[in-house]
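J.: Okay, structure incoming, though there's no sequence with it:
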């Protein structure tokens, strides 16, 4: 079981999922990023969960058969080099340039992430500028005393109405939606 991917794509997969892997997990596998390789689709899917959140990222790759491997969320490789990931016994061996290292593989049940995503069509979709949404959430955290001990309330009225973020009844952050293509 062997896969090849570009290190820049590999690093993007890890960077986009690592904050969703549990720091102090209830389940041991939740502290790792799961890589699912598909020979049929020539893709790799990176999944990280912590019991409250989930991140799923995809990239192209070459692989000889379907398999899964768990890797440490701190893994970072030099940019724009070929990477080979191979399962050998109870280890995932990663080769990139002059680096060769192993990640021990652990047994146990990893959540069926594809069934966690609600099926069917959503009632409506809202597009936002990610930078604006992030700045509004950061401002909401400040409004909460730099702690999210109390919930932040997101209000959605329609796909074209502003998204209202409330930290209490009077404190409001607002993000305007953007137009999205119907087939996006």
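T.: Happy to help now that I have it. This structure is a prediction, so every number in the text was calculated from the model and none was measured.
J.: so where does residue 136 fall, helix or strand?
T.: Using DSSP states H and E, residue 136 sits within helix 130-143.
J.: Who are the packing partners of that helix?
T.: strand 163-166, strand 172-175 (3 or more C-beta pairs under 8 Å, 6 or more residues apart in numbering; DSSP states H and E). Just so you know, the C-beta spots here come from the backbone N, C-alpha and C atoms, and that holds for glycine as well.
J.: Can you name the next helix or strand after it?
T.: Using DSSP H and E, the helix or strand that follows helix 130-143 towards the C-terminus is strand 153-155.
J.: same for that next one, what does it pack against?
T.: Packing partners of strand 153-155 (3+ C-beta pairs under 8 Å, 6+ apart): strand 163-166.
J.: What residues sit buried inside stretch 80-96?
T.: Neighbour counts over stretch 80-96 (16 or more other C-beta atoms under 10 Å) mark 83, 85, 86, 87, 92, 93, 94, 95, 96 as buried.
J.: actually stretch 131-138, not the one I wrote
T.: In stretch 131-138, the ones that count as buried by 16+ other C-beta under 10 Å are residue 136.
J.: Please list the outside residues in contact with it.
T.: Residues from elsewhere that reach stretch 131-138, judged by C-beta atoms under 8 Å, 6 or more residues apart in numbering: 152, 163, 165, 173, 174, 175, 176.
J.: ok, 6 Å please
T.: For stretch 131-138, the external contacting residues (C-beta atoms under 6 Å, 6 or more residues apart in numbering) are 165, 173, 175.
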